[in-house]
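A structural model of the following input is requested.
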Amino acid sequence: MFQRLHPFTVLGYILLVASVVPLILSLPSVAAAMLFVAYCFGLLEFQKYTSNYQFALLLIAGTALGIVLDLHYQAWPLLTFSLLFAASATIVRQRFMRYFTYVDLLWVDTGKAIFAVLFYVLAIWGKPFSWDFWLLPIIPLTAAVGLTISYIQDAGKMKQLTRGGYRVQVGRPAPDFELPDQDGNLVRLSDLHGKLPVLLIFVRGDWCPGCHMMLRTYERNRARFKEKGVHVIGIGPDDISVNLSMVQRIGVGYRMLSDDKQEVSSQYGVVYSNPLIETMVDYSKGMPLPASFLVDANGIVRYASRPDRVGEFLDPELIFGVLDGIQPDTSVAWA
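Purely as a prediction, here's the structure:
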């Protein structure tokens, strides 16, 4: 539990609770400033951690900030609705990635962001300038609109690549590879042939909030994969040190391989290019699509996540359905 409580998120909750004091003392602007900082603290760790603690912090702090400002400036409930929509637009895709994927239901994010801006404009319309009422909502609104634009742009890039499907197809041999894990140990796929099924999970890197959600999803299903005798391996574009930090921080027990030259991702046909994101994360050779492949003990691909629904592999039940037709080998330890 305490691994999920990260510094800025904890500080955000402290400020959230402490904001009650200036409200009791009839200092609403001070309370609003504290709630604003709490919201910003939640955003600071959004990229790296993305846990339910952060989601709740953003939703509560954003809504509370709107309520305080609305009541103080007699604008109820316009700013409350604005910041509620802004917070939910920020978190909804990450929290429900299993259903939204990376490319579906984009109208939800877009609609929430539009309503957030619309209610903000209605709230300040005709009111004299006040620094807290006018300026404090800007960061939450900017985050919501910026994320929504990035989702739409990124989904377009993903759909372009996946139109023709992945290079690796179900029923075909899985390309062999050798990559270092987070401890520097080399892992060769063919060494596992004849032993057990292997689930390969491609992630976009430590910067990707949705990938953290996915890694935690599979960690929660660790016992079920062990019962099936499945060896789970993550593959990402970061170097060994970044992968080590990531698996320790988010608490996963399977190996994370470093494909920093994107050679394996290219073999499997899951590399795509998005200059907007690459300038922020410094991946000069592109990024892997979030995708998964189940390889049986004979080295044959038995499952591949749907390229037209990037992110569907956040639902492990799809993979367990395929595993039911593969003979388990529970003598092999999870690693």
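
so residue 15 touches residue 36, yeah?
No - if you go by C-beta atoms under 8 Å, residue 15 and residue 36 don't touch, sitting 9.2 Å apart. (C-beta placed from N, C-alpha, C; glycine too.)

which one of the two is surrounded by more residues?
residue 36 (25 against 21; other C-beta atoms under 10 Å).

give the contact list for the more buried one.
With contact set as C-beta atoms under 8 Å, 6 or more residues apart in numbering, residue 36 has these partners: 61, 65, 136, 139.

and the second one, how close does it get to residue 169?
Noted for residue 65: a distance of 50 Å to residue 169, by C-beta to C-beta, to the nearest Å.

neighbour count winner among these two?
More crowded of residue 65 and residue 169, by other C-beta under 10 Å: residue 65, with 31 against 11.

could you grab the helix/strand/coil label for the more buried one?
Put simply, residue 65 is helix when judged by DSSP: H, G, I helix; E, B strand; the rest coil.

check it and give its pLDDT.
Per-residue confidence (pLDDT) for residue 65: 98.

now it. Nearest residue, chain neighbours left out?
residue 35 (4.1 Å; C-beta to C-beta, 6 or more residues apart in numbering).

so the one you found sits against residue 69, correct?
No - with contacts counted by C-beta under 8 Å, residue 35 stays clear of residue 69, the gap being 9.0 Å.

would you put the C-alpha positions of stretch 25-37 in PDB?
Output of stretch 25-37 as PDB, limited to C-alpha atoms (Å, rounded to 0.1, in the frame of the first residue of the first chain):
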ATOM      1  CA  LEU A  25     -11.000  31.300   9.700                       C
ATOM      2  CA  SER A  26     -13.000  32.900   6.800                       C
ATOM      3  CA  LEU A  27     -10.000  33.100   4.500                       C
ATOM      4  CA  PRO A  28     -11.400  31.500   1.300                       C
ATOM      5  CA  SER A  29      -8.600  32.800  -0.900                       C
ATOM      6  CA  VAL A  30      -6.000  31.100   1.200                       C
ATOM      7  CA  ALA A  31      -8.000  27.900   1.200                       C
ATOM      8  CA  ALA A  32      -8.400  28.200  -2.600                       C
ATOM      9  CA  ALA A  33      -4.600  28.600  -3.000                       C
ATOM     10  CA  MET A  34      -4.000  25.500  -0.900                       C
ATOM     11  CA  LEU A  35      -6.400  23.500  -3.000                       C
ATOM     12  CA  PHE A  36      -4.800  24.700  -6.200                       C
ATOM     13  CA  VAL A  37      -1.300  23.600  -5.000                       C
END
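
give me the buried positions along that stretch.
Going by neighbour count (16 or more other C-beta atoms under 10 Å), the buried part of stretch 25-37 is 28-37.

strands of the chain, start to end?
With DSSP state E, the ranges of strands along the chain come out as 178-180, 186-188, 198-202, 231-236, 255-258, 271-272, 287-288, 291-295, 301-304.

in a markdown table, list those along with mean neighbour count, distance to residue 90 and mean pLDDT.
Shown next, in a markdown table, are the strands of the chain (neighbours: other C-beta atoms under 10 Å; distance: least, C-beta to C-beta, whole Å; pLDDT from 0 to 100):
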| stretch | mean neighbour count | distance to residue 90 | mean pLDDT |
| --- | --- | --- | --- |
| strand 178-180 | 17 | 34 | 96 |
| strand 186-188 | 13 | 36 | 95 |
| strand 198-202 | 24 | 25 | 93 |
| strand 231-236 | 24 | 24 | 92 |
| strand 255-258 | 23 | 27 | 95 |
| strand 271-272 | 21 | 24 | 84 |
| strand 287-288 | 25 | 22 | 80 |
| strand 291-295 | 25 | 25 | 91 |
| strand 301-304 | 20 | 31 | 91 |
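
and these as JSON lines, adding distance to residue 131?
Formatted as JSON lines, the strands of the chain follow (distance: least, C-beta to C-beta, whole Å):
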{"stretch": "strand 178-180", "distance to residue 131": "52"}
{"stretch": "strand 186-188", "distance to residue 131": "55"}
{"stretch": "strand 198-202", "distance to residue 131": "46"}
{"stretch": "strand 231-236", "distance to residue 131": "43"}
{"stretch": "strand 255-258", "distance to residue 131": "45"}
{"stretch": "strand 271-272", "distance to residue 131": "43"}
{"stretch": "strand 287-288", "distance to residue 131": "40"}
{"stretch": "strand 291-295", "distance to residue 131": "47"}
{"stretch": "strand 301-304", "distance to residue 131": "53"}
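
of all the ones you listed, which one is nearest residue 73?
Closest to residue 73 of these, according to C-beta to C-beta: strand 287-288, at 44.1 Å.

name every strand pairing with the closest one and say which way it goes.
When pairs are called by DSSP bridges, strand 287-288 turns out to pair with strand 271-272 (antiparallel).

so what touches the strand it pairs with?
Against strand 271-272 from outside (C-beta under 8 Å, 6+ apart): 157-158, 160-161, 262, 265, 285-289.

which one of those is nearest residue 54?
Closest to residue 54 out of the contacts of strand 271-272 is residue 287 (23.3 Å), distances taken as C-beta to C-beta.
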